[in-house]
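J.: Following is a predicted model, sequence given first.
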Amino acid sequence: MDLSIIIPTFNEKDNVTTISNRIIQAMEKTGSNYEILFVDDSKDETPQILDELSKKFSQIKYIHRTNGRGLGTAVVEGFDKSRGTYIIVMDADLQHPPELLPLILQRLQEGSDLIIPSRFVEGGSDGGLNAFRKLVSWTARMIGRVSIKRMRNITDCTGGFFGLNRNVLINADLDPIGWKILMEVLVKGNYKTVHEIPYSFVSRDAGESKMSGKEQLNYLRHILKLVCSSEEDRKFYIFCLIGLSGVLVNLAMLFILVDILHLGHLRSSIIASFTAMLSNFILNDTLTWKMKKDGASSLIPKFSKFVVVSSVGIIITALFAQFASWLKISIVFGQMIGIVAATLWNFKINNIWTWSN
Ligand code: GDD
Ligand code: MN
């Protein structure tokens, strides 16, 4: 079997026949051996129609579930019960054009691990959502792309239309909350090449969208869960939190030295900064890069590297502050941008150099 087309359905009685016909027509010219697997949670007459379709066309199959467990788990069940070398997931309501299937299959056969039709690359369009949904969808995508590294370069990481080589799923422990199964695949899948191709997301003719506020909340929960399960993202956030804790340590130390021990201001400030650096180092060594432990003997060289990296970070921040004052914009703003840039620098270099082995 070359290809399995997985289609989750919930109350799509007016769409399943049309989409089946259009898929069959589109796939005819490819001459490939494929199956269409509907994973249905409907409470309307959809399962009866699917039953008739499956009797009429040998390539159509369906699973009807009665305990209504939602879109994400429906797709995972489709992955498990299908047999194709390649898999394409799409919606039933014709918002995802079946005419694109041959091209997706071709690109997968040419060796791409993941093919994502995108509304947001050149040539694509997003006609299928109203202005409000577009704004919500844009915000959701930005949150996803900022939070999760593996989604950063994907313009349409929240869509329900994508193709993959079945090997991508090997050892991927998929456990989606809600709808965004593509994000699960992007974070947990085992792939090297991802490509996006343009498509036009058209508006729904029949039936209605099942998107809801609850689903949008699920999306945020899902992002949080993915961040926690993805080692590279989790490390970055722990690093940032430790950085923030360093500010508190710094200020607390300053208070002790100046107000309690009555030391000079300059001396207190420098000691406070060094204490914060030391505390950041220890926390990063025990938490952020805890997997990279290799005995106490390496602590001194590691700390030296950490100091070098942090010092360059201070220079980077200073450059931004200086730049801001040259441009006559607020130095606080310059310093803030500088801190963000320095944090990215510090994390990256500490990750590949200080805690490299
Ligand atoms: N099995 C099953 N169970 N299928 C479901 C369920 C469910 O609980 N809920 C929805 N579906 C099916 C619908 O029948 C449809 O085929 C597909 O999932 C998408 O649902 P829509 O209700 O059409 O969602 P949408 O158009 O608002 O949003 C879709 O398109 C967006 C843009 O690509 C979704 O795919 C979004 O995730 C996507 O961002
Ligand atoms: Mn839809």
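T.: Arrived safely, thanks for sending. Numbering: from 1, shown residues only. Ligands and ions are numbered 1, 2, ... in the order given.
J.: Spell out, range by range, the strands that occur in the stretch 101-250 of the chain.
T.: Using DSSP state E, counting those that start in this stretch, the strands of the stretch 101-250 of the chain run over residues 114-118, 125-126, 162-165, 194-198, 200-201.
J.: of all the residues in this protein, which ones are close to ligand 2?
T.: 91, 93, 95 (CB under 5 Å from the ion). (Each C-beta comes from the backbone N, C-alpha and C, glycine too.)
J.: make it 6 Å
T.: Within the chain, the positions near ligand 2 by CB under 6 Å from the ion are 91, 93, 95, 204, 209.
J.: Roughly how far does residue 145 sit from residue 184?
T.: 15 Å (CB to CB, to the nearest Å).
J.: do residue 128 as well
T.: From residue 128 to residue 184 the distance is 23 Å (CB to CB).
J.: one step back: please dump the residues of the chain next to ligand 2 into JSON lines; it should also carry neighbour count for every row.
T.: What follows is those, written out as JSON lines (neighbours: other CB atoms under 10 Å):
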{"residue": "91", "neighbour count": "21"}
{"residue": "93", "neighbour count": "24"}
{"residue": "95", "neighbour count": "22"}
{"residue": "204", "neighbour count": "14"}
{"residue": "209", "neighbour count": "15"}
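J.: Same list (those residues) but as CSV, adding pLDDT.
T.: Output for the residues of the chain next to ligand 2, formatted as CSV (pLDDT from 0 to 100):
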residue, pLDDT
91, 96
93, 94
95, 94
204, 86
209, 88
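J.: Give me the more crowded residue out of residue 145 and residue 184.
T.: Just comparing residue 145 and residue 184: by other CB atoms under 10 Å the higher neighbour count belongs to residue 184, 22 against 17.
J.: which residues touch that one?
T.: 72, 172, 174-176, 222, 226 (CB atoms under 8 Å, 6 or more residues apart in numbering).
J.: One more: residue 272?
T.: 250-251, 253-254, 257.
J.: Also residue 134?
T.: For residue 134, the contact set (CB under 8 Å, 6+ apart) comprises residue 126.
J.: now residue 200
T.: Going by CB under 8 Å, 6+ apart, residue 200 touches 97, 119, 124-125, 127.
J.: Help me confirm that residue 26 comes into contact with residue 105.
T.: No. Between residue 26 and residue 105 there is no contact under CB atoms under 8 Å: 10.1 Å.
J.: ok, and the closest non-adjacent residue to the residue nearest to the spatial centre of the chain?
T.: The chain has residue 151 as the residue nearest its centroid, 4.0 Å off, counting by CA atoms, centre = their mean. In space, and not counting its chain neighbours, residue 151 is closest to residue 157: 4.4 Å by CB to CB, 6 or more residues apart in numbering.
J.: since we're on residue 51, how many residues are nearby?
T.: Burial of residue 51 is recorded as 14 neighbouring residues (other CB under 10 Å).
J.: and it, what element?
T.: If you go by DSSP states H and E, residue 51 is part of helix 46-56.
J.: Who are the packing partners of that helix?
T.: Identification of packing neighbours for helix 46-56 by 3 or more CB pairs under 8 Å, 6 or more residues apart in numbering; DSSP states H and E yields helix 16-28, strand 34-40, strand 60-64.
J.: what about the first one, average pLDDT?
T.: To tie it back to what came earlier, the one meant is helix 16-28. Here helix 16-28 scores 97 as its mean pLDDT.
J.: Ok, stretch 287-305 next?
T.: For stretch 287-305, the mean per-residue pLDDT is 85.
J.: just to revisit the earlier point, please identify which of residue 26 and residue 105 sits among more neighbours.
T.: Neighbour count, other CB under 10 Å: between residue 26 and residue 105, residue 105 has more, with 22 against 16.
J.: Let me know how buried the nearest residue to that one once chain neighbours are set aside is, in neighbour terms.
T.: With sequence-adjacent residues excluded and distances taken as CB to CB, 6+ apart, residue 105 is closest to residue 3, at 5.5 Å. By other CB under 10 Å, 26 other residues sit near residue 3.
J.: Got phi/psi on residue 3?
T.: The phi and psi values for residue 3, taken as degrees, to the nearest 10, are phi -140, psi 140.
J.: so who does it touch?
T.: Contacts of residue 3 (CB under 8 Å, 6+ apart): 27, 32-35, 84-88, 105.
J.: I'd like a version of the residues you listed in JSON lines, one that adds distance to residue 294 as further columns.
T.: Shown next, in JSON lines, are the contacts of residue 3 (distance: CB to CB, whole Å):
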{"residue": "27", "distance to residue 294": "55"}
{"residue": "32", "distance to residue 294": "51"}
{"residue": "33", "distance to residue 294": "52"}
{"residue": "34", "distance to residue 294": "51"}
{"residue": "35", "distance to residue 294": "51"}
{"residue": "84", "distance to residue 294": "45"}
{"residue": "85", "distance to residue 294": "42"}
{"residue": "86", "distance to residue 294": "43"}
{"residue": "87", "distance to residue 294": "41"}
{"residue": "88", "distance to residue 294": "45"}
{"residue": "105", "distance to residue 294": "47"}
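J.: ok, of those, which come out buried?
T.: When neighbours are counted using 16 or more other CB atoms under 10 Å, the contacts of residue 3 contain these buried positions: 27, 32, 34-35, 84, 86-88, 105.
J.: Thank you kindly, that will do.
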